[in-house]
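K.L.:
need coordinates for the following:
(one chain, ligands or ions: 1)
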Amino acid sequence: MSVLSAPYFRDEAAAFQQLEATLWPQGPVCPRCGGMDRITAVKGARMGLRRCGPCKRQFTVTVGTVFESSHVKLHMWLQAVYLMCSSKKGISSHQLMRVLEVQYKTAWFMTHRIREAMASGSGLPPMGGEGKVVEVDETSIGQKQDMPKRRGYAHKHAVLTLVERGGKSRSFHVDGTKASDLLPIIKANIDPKTHIMTDEAGQYASLKKHFAGHDFVQHGKGEYVRGKVHSNTVEGFYSVFKRGMKGIYQHCSEKHLHRYVAEFDFRYSNRVKLGVDDAQRTVAALRGIVGKRLTYKTPIRA
Ligand SMILES: [Zn+2]
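P.N.:
Numbering: from 1, shown residues only. Here you go, the predicted structure:
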């Protein structure tokens with residue numbers, strides 16, 4: 001017996017029941033009129049088919065999700081979502097291809113759709129607030145196309161990450177690491193009442209003006225912790241991110257980097273320390289799939 005022997009990972013009817021319980025906790029909801037009254041199961045029809053009495057629409061729980069138009073069985077999708085949610089450093093499309101015994105193209109498509117579901121999207125409330133600490137740091141990863149390796153970081157992609165201590169992370173693929181690349185994002189995503197922690201990088205020097213407080217450690221002088229002043233939380237995030245990107249997603253292209261970054265944010269923001277286990281993380285990802293109305297026709301945006 002393993003986690004993957006659960007019925008909804010093996011049996012299509014059980015997978016439908018599982019998705020219905022996840023997306024319709026109060027019972028079936030009609031995708032056309034939003035009603036919940038007089039919805040009946042259509043007997044002898046395809047899996048999970050229901051009919052809305054008031055508006056006559058027939059539907060299943062997969063309407064408006066990537067599962068609706070997929071040739072991959074729902075119980076296989078649930079395995080894929082679970083594997084991506086429970087693997088700390090992610091799972092490659094090649095690995096998923098071998099585990100699910102699907103074509104590489106299918107596995108690639110599935111992982112990218114699931115990543116889209118994990119992305120939190122725009123319009124989020126600001127992080128931090130009074131009495132809260134947000135650590136800010138940037139890192140470089142991979143190699144830009146047509147740029148030879150040389151000293152420094154100019155040939156690498158830059159990622160900015162904000163982590164609230166005891167809370168969630170938010171990362172961005174940025175054009176560069178100049179103040180003009182970073183400050184607008186920092187200001188737009190963090191409550192001004194927050195106390196900010198960074199390293200001594202010059203780009204962060206003006207943060208004091210915009211936030212309740214700003215402290216920094218001087219890595220250049222070998223200083224990493226000074227009481228509550230440190231950026232170890234965001235560095236911990238980067239250590240998982242970098243091991244995953246190097247070990248699992250080494251071929252990630254610039255076009256898709258923001259999506260991989262969202263995947264690591266998702267797992268960090270739904271981590272065990274915040275009381276979220278593998279099963280709950282899977283549920284969160286499934287809800288994300290629906291919130292974004294992903295279909296096969298939705299372009300994977302660059
Ligand atoms: Zn209806």
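K.L.:
got the buried residues for the lowest-mean-pLDDT helix or strand in the chain?
P.N.:
Taking all helices and strands of the chain together, the one with the lowest average confidence (mean pLDDT, DSSP states H and E) is helix 278-291, at a mean of 85. By neighbour count with 16 or more other Cβ atoms under 10 Å, helix 278-291 contains the buried residues 281, 282, 283, 284, 285, 286, 288, 289, 290. Every residue, glycine included, has its C-beta placed from N, CA and C.
K.L.:
stretch 132-148 now?
P.N.:
Of the residues in stretch 132-148, those buried under the neighbour-count criterion (16+ other Cβ under 10 Å) are 132, 133, 134, 135, 136, 137, 138, 139, 140, 141, 142.
K.L.:
do me a favour and average the pLDDT over that stretch.
P.N.:
For stretch 132-148, the mean per-residue pLDDT is 86.
K.L.:
show me which residues of the chain sit near the ion.
P.N.:
By the rule Cβ under 5 Å from the ion, the part of the chain lying against the ion is 30, 32, 33, 35, 52, 55, 57.
K.L.:
farthest pair in these?
P.N.:
The largest distance within the residues of the chain next to the ion, taken as Cβ to Cβ, falls between 35 and 57 and amounts to 9.4 Å.
K.L.:
remind me which residues of the protein are low pLDDT?
P.N.:
When residues are selected by pLDDT under 70, those of the chain lie in 146-153, 290-302.
K.L.:
what ranges do the strands span in it?
P.N.:
Counting by DSSP state E, the chain has these strands, from start to end: 39-41, 50-52, 58-59, 133-141, 157-164, 169-174, 195-199, 213-217, 225-226, 229-230.
K.L.:
can you put the ones you listed in CSV and add distance to residue 238?
P.N.:
Rendered in CSV, the data for the strands of the chain read as follows (distance: least, Cβ to Cβ, whole Å):
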stretch, distance to residue 238
strand 39-41, 47
strand 50-52, 46
strand 58-59, 43
strand 133-141, 5
strand 157-164, 7
strand 169-174, 9
strand 195-199, 12
strand 213-217, 15
strand 225-226, 16
strand 229-230, 14
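K.L.:
give me every residue that touches residue 50.
P.N.:
Counting by Cβ atoms under 8 Å, 6 or more residues apart in numbering, residue 50 makes contact with 28, 39, 40, 41, 42, 58, 59, 60.
K.L.:
my guess is the second one contacts residue 55. True?
P.N.:
To tie it back to what came earlier, the one meant is residue 39. No - counting by Cβ atoms under 8 Å, residue 55 is not a contact partner of residue 39; they are 10.1 Å apart.
K.L.:
which of the two has more residues huddled nearby?
P.N.:
Neighbours were counted for residue 39 and for residue 55 using other Cβ atoms under 10 Å; residue 39 has more, 18 against 13.
K.L.:
any idea how far the more buried one lies from residue 231?
P.N.:
Look at residue 39 and residue 231: by Cβ to Cβ, to the nearest Å, they are 52 Å apart.
K.L.:
how is this structure partitioned into domains?
P.N.:
The chain resolves into domains spanning 3-121+285-289, 133-269 when parsed by automatic domain parsing.
K.L.:
JSON lines for those domains, including distance to residue 276?
P.N.:
As requested, the domains of the chain are arranged in JSON lines below (distance: least, Cβ to Cβ, whole Å):
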{"stretch": "domain 3-121+285-289", "distance to residue 276": "10"}
{"stretch": "domain 133-269", "distance to residue 276": "9"}
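K.L.:
hmm, back to that, overlap in contacts, residue 39 and residue 55.
P.N.:
With the criterion set as Cβ under 8 Å, 6+ apart, the overlap between the contacts of residue 39 and residue 55 is residue 30.
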